[in-house]
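S.K.: Sequence first, then the predicted structure, then my questions.
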Amino acid sequence: MIFKLLIVDDEKNIREGLAEALTLEGYEAVTAADGDEGWKRFLKGDIDLVVTDLAMPGLSGGELLRRIAAESPAVPVIILTGHGSVETAVDAMRAGAFDFLTKPVNLDHLAMLVKRALAGQELALKNRRLEEELEQKKCFQQIIGTGAAMRRVFDMISRAAPSKASILVTGESGVGKELVADAIHALSPRRDKPLVKVHCAALASGLLESELFGHEKGAFTGAGARLRGRFELANEGTLFLDEIGEIDQNVQIKLLRVLQERKFERVGGEETLEVDVRLLAATNKDLKAEIEKGTFREDLYFRLNVVNITVPPLRERKDDIPLLASNFLKEFSEENHKNIEGLDEKARSAIYHYDWPGNVRELRNCIESAVVMTRGPLIKEQDLPPTLRSAEEADRFIRIPRGASMVEAERIIVRDTLSLCKGNKSKTAQVLGLGRKTLHRKLAEWQGAGGE
């Protein structure tokens, strides 16, 4: 890491000379011509250490020190002073200065002081990074996955979470979009503020508008009292709108205004309210297709989709199935007070070969059902739901339609075996009892004929 230093001195030759010397030591140095300029530059952030003259016109070095100590007490300040002002420099030390140097400055001594002062900063930075890594791991505990697809999701969450940008989480039902929203909020600067969730598909249009923006007493039949909406409740925090593709055009227009202006009125109200809310949204719909159909506003889509995180379906990350199953097995074994060691070979094969149209949610329900149904220490194939058993049984056979020619049958057998061997032609040839050259020749012939 390259530390950034702020050099404050009203004498141009001194501040530029110190900046050049410290740059040669491997630091990044910025300068200010007086205390007022130095304070403004410090407030911009990213300053790790300050070297300031004590006696300057306007804001003195002593006052600058006190302001920095109050604003960012962890940032060390080194004071420069003339020979006749040592007592003043000692007072500065009492006010919180790291150390002081008399002019003319011994550059070697200054470099040593800077290095010593920043050693504590570096240790604090390492500790902070370690805490952040531990916090990140904690936030990701609920999202299980070690494959490349999920590592990309984790990386996008880590990079997007600290920002203020709206995030659209896409993916099929059951993939864990809500868990992604939980992790984004937990890793954001708003983690100590509310995370408010709304499942848009569960509410009718009129109810959803009232739920989001609130309503005044008497706004409609049944509105017996003023209701604060979810935007108000999420102020300074995060609002998660699940199944955003289900909201109608009227609510979309009002939602777009909040995203653009951060202002809205309650249903039946005239008072304009302002909010500071970070918006996360999720959908299992193709919103671009909805835009083409005219059911979703394109301008709202672009406001929501500043960052897009797509969660892959379970069938595209089958390597994560054993880990997911193991976690669910542990959870439900404890919940049902059973001591279940795992799944037998046929059960493991069945859950691996199934396509999981309901994704992680379906796998979780499947393992819970199997834990409840099993009588022994191992979950067996017959303990699984019937859909999984039939899928595993079907996967053991190659289907050749009646009336197929020998050439067509051969092509189906080779194609399915190649798929089973994950495209490995040498292994496919071995399984089929063919020579590799024969297999390559057949594949080339079929490709030339448009059959592969």
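M.R.: Nice, thanks for sending it over.
S.K.: drop to CA atoms for contacts and neighbour counts, all remaining ones
M.R.: Noted.
S.K.: pLDDT score for residue 234?
M.R.: Residue 234 is assigned 93 on the pLDDT scale.
S.K.: so what's it up against?
M.R.: Neighbouring residues of residue 234 by Cα atoms under 8 Å, 6 or more residues apart in numbering: 193, 194, 195, 196, 277.
S.K.: Next up, phi/psi of it, please.
M.R.: Residue 234 adopts backbone torsions of phi -90, psi 10, taken as degrees, to the nearest 10.
S.K.: And stretch 210-221, end to end?
M.R.: Chord length of stretch 210-221, first to last residue, is 12 Å (Cα to Cα, to the nearest Å).
S.K.: Next: stretch 97-106.
M.R.: Length of stretch 97-106, first residue to last, Cα to Cα: 18 Å.
S.K.: mind checking how far that stretch is from the chain centre?
M.R.: 45 Å (Cα atoms, centre = their mean, to the nearest Å).
S.K.: before we move on, what about stretch 274-290?
M.R.: A distance of 16 Å separates the centroid of the chain from that of stretch 274-290, by Cα atoms, centre = their mean.
S.K.: How about stretch 70-89?
M.R.: 42 Å.
S.K.: Over to stretch 254-262?
M.R.: Its chain's average C-alpha position is 24 Å from that of stretch 254-262, according to Cα atoms, centre = their mean.
S.K.: ok, for the most centrally placed residue in the chain, nearest residue in space, not its chain neighbours?
M.R.: Centroid-nearest residue in the chain: residue 157, 1.5 Å away (criterion: Cα atoms, centre = their mean). If the residues on either side of it in the chain are set aside, residue 157 comes closest to residue 184, at 5.9 Å by Cα to Cα, 6 or more residues apart in numbering.
S.K.: tell me the helices in the stretch 301-450 of the chain, going along the chain?
M.R.: Along the stretch 301-450 of the chain, counting by DSSP state H, counting those that start in this stretch, helices occupy 321-335, 345-353, 359-373, 386-395, 406-420, 425-432, 436-448.
S.K.: out of those helices, nearest to residue 231?
M.R.: Smallest distance to residue 231 across those (Cα to Cα): 28.6 Å, for helix 359-373.
S.K.: how distant is the closest one from the center of its chain?
M.R.: Centre-to-centre, helix 359-373 and its host chain are 27 Å apart (Cα atoms, centre = their mean).
S.K.: For ChimeraX, what selects the buried ones among the contacts of residue 234?
M.R.: Those of these that count as buried under 16 or more other Cα atoms under 10 Å are selected in ChimeraX with:
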select :194,195,196,277
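S.K.: contacting residues around the residue nearest to residue 431 when sequence neighbours are not counted?
M.R.: In space, and not counting its chain neighbours, residue 431 is closest to residue 417: 7.8 Å by Cα to Cα, 6+ apart. Contact partners of residue 417, counting by Cα under 8 Å, 6+ apart, are 428, 431, 432.
S.K.: ok, and the most crowded of those?
M.R.: Ranked by neighbour count under the definition other Cα atoms under 10 Å, the contacts of residue 417 are headed by residue 428 with 23 neighbours.
S.K.: how far away is that residue from residue 445?
M.R.: For residue 428, the distance to residue 445 equals 17 Å [Cα to Cα].
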